[in-house]
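K.L.:
Build me a structure from this.
(one chain, ligands or ions: 2)
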Amino acid sequence: MTTTLGTTEHVLGTTHGEEPDWTPGQWDAWRDEVHALARARDAVILAHNYQPAAIQDVAHHVGDSLALSRAAAAATESTIVFAGVHFMAETAKILSPDKTVLIPDAAAGCSLADAITAEALRAWKAEHPGALVVAYVNTTAEVKAESDICCTSSNAVEVVESLPVDIEVLFLPDQFLGAHVQRVTGRDNIRVWLGECHVHAAISPTHLRDSVAADPDAELFVHPECGCSTSALWMASTGQVPAERTHILSTGGMLDEARRTTAERVLVATEVGMLHQLRQANTRTVFEAVNPRAACPYMKMSTPSKLLRSLREGVDEVHVDPAIAARARRAVERMVAIGTPSAAGE
Ligand code: 13P
Ligand code: SF4
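P.N.:
Ligands and ions are numbered 1, 2, ... in the order given. Below you'll find the model as predicted:
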């Protein structure tokens, strides 16, 4: 599937990315070399829940955007290798400007972060003087520098609830997460930017309805960035799925819920890399993707050989202009301080 946002064409990837056809012995040698190089470089490896399974398994910490930002801020090592996408590595650099931050492939972008530029945000702010800007962490450093506070999907509601109720909020750039925040807070003074993540937008109401019809007793885990998140709540409110079995959750929240659930089957609406963590966290429950083609091609750009190259050669180093980083830091540090820590795996 191909969607077009702004000037960049974004396509869905393959489920596992470029997974090499190695023997068990070659995989062991790769893991040993990654860990030896990380020790020699005094590096910690952070991996997002959407990374290829092998990268998740070799990383020192695996988690959602908020847990990884906190891990980056707390890291004692002099180098952070961020196996994720560019805005995540940039956020780590903003929080830890004195550390070296590496990413296996600097071209790993994000369709959602591409949905708004700093220039467009300045124009939007000029139309709403006095409004507070809440930027999802999936934004560039320049956009964060123009924002009052950042949030992730796991603390977006708490971030907005921390702001005075009588001040208008500009929420960006994800329209589905914005609609979720409007619904939960009940505030009528939140304006939402009409951006979307092409991977989550491709998990449609039709995918959800078909999955539920085929598996009516399953629980539902739905990421709030999904195109089907509104449908999931509507189906719950009209009794098509029981409300107590429908959970709108960040990826970290899904993991916490996976550890608690006693359901036999769970339908999961998010990027398919998440299934690896869920299946490891709970081996009694069957976790199935609502759209098995929902793979983020940017997340799958971290391949085993690129991670090795990153550690061997000290590439690709992520830089953020110090003046922009200083302005963005206020917004990111406010985000890190709000919300319950969700577990980051080891
Ligand atoms: P979380 O891990 O914060 O739920 O974010 C999802 C996402 O799309 C990151 O790119
Ligand atoms: Fe960006 Fe979507 Fe990929 Fe997350 S899944 S990195 S929001 S394109």
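K.L.:
Could you use CA atoms for every contact and neighbour count after this?
P.N.:
OK.
K.L.:
I'd say Ser231 and His207 touch.
P.N.:
No - Ser231 is beyond contact range of His207, at 10.5 Å (criterion: CA atoms under 8 Å).
K.L.:
For Pro216, which three-state class applies?
P.N.:
coil (DSSP: H, G, I helix; E, B strand; the rest coil).
K.L.:
Number the chain from 17, please
P.N.:
With the count now opening at 17, the last piece we talked about shows up as Pro232.
K.L.:
pLDDT wise, what is it at?
P.N.:
You'll see Pro232 listed with a pLDDT of 92.
K.L.:
what sits against it?
P.N.:
Val257 (CA atoms under 8 Å, 6 or more residues apart in numbering).
K.L.:
Beta-bridge partners for Phe237, please?
P.N.:
Beta bridges link Phe237 to His263, Val284 when assigned by DSSP bridges.
K.L.:
gap between it and ligand 2?
P.N.:
16 Å (CA to the nearest ligand atom, to the nearest Å).
K.L.:
Please apply the same query to Asp204.
P.N.:
On the measure of CA to the nearest ligand atom, Asp204 and ligand 2 end up 26 Å apart.
K.L.:
Repeat that for Trp140.
P.N.:
Counting by CA to the nearest ligand atom - Trp140 and ligand 2 are separated by 22 Å.
K.L.:
What's the local residue count around that residue?
P.N.:
15 (other CA atoms under 10 Å).
K.L.:
now swap in Val173 and tell me
P.N.:
For Val173, using other CA under 10 Å, the count is 20.
K.L.:
List of residues touching whichever helix or strand it is part of?
P.N.:
Assigning secondary structure by DSSP states H and E places Val173 in helix 172-177. Contacts to helix 172-177, defined as CA under 8 Å, 6+ apart, come from residues 150, 152, 165-167, 197, 200-201, 351, 354-355.
K.L.:
can you rerun that using 10 Å?
P.N.:
Contact with helix 172-177 is made by 148-153, 165-168, 171, 178, 185, 187, 193-194, 196-201, 203, 206, 266, 350-351, 353-356, as judged by CA atoms under 10 Å, 6 or more residues apart in numbering.
K.L.:
near ligand 1, anything from that helix?
P.N.:
No - residues of helix 172-177 are not located near ligand 1 by CA under 6 Å from any ligand atom, the shortest gap being 9.8 Å.
K.L.:
Taking the stretch 17-166 of the chain, what residue is nearest to ligand 1?
P.N.:
Residue of the stretch 17-166 of the chain nearest ligand 1, by CA to the nearest ligand atom: Asp80 (3.4 Å).
K.L.:
same question but for the stretch 117-266 of the chain, I mixed them up
P.N.:
For the stretch 117-266 of the chain, CA to the nearest ligand atom, closest residue to ligand 1: Ser266, 3.8 Å.
K.L.:
got the contact list for that residue?
P.N.:
Contacts for Ser266 were tallied using CA under 10 Å, 6+ apart; they are 80-82, 168-172, 237-241, 272, 286, 358.
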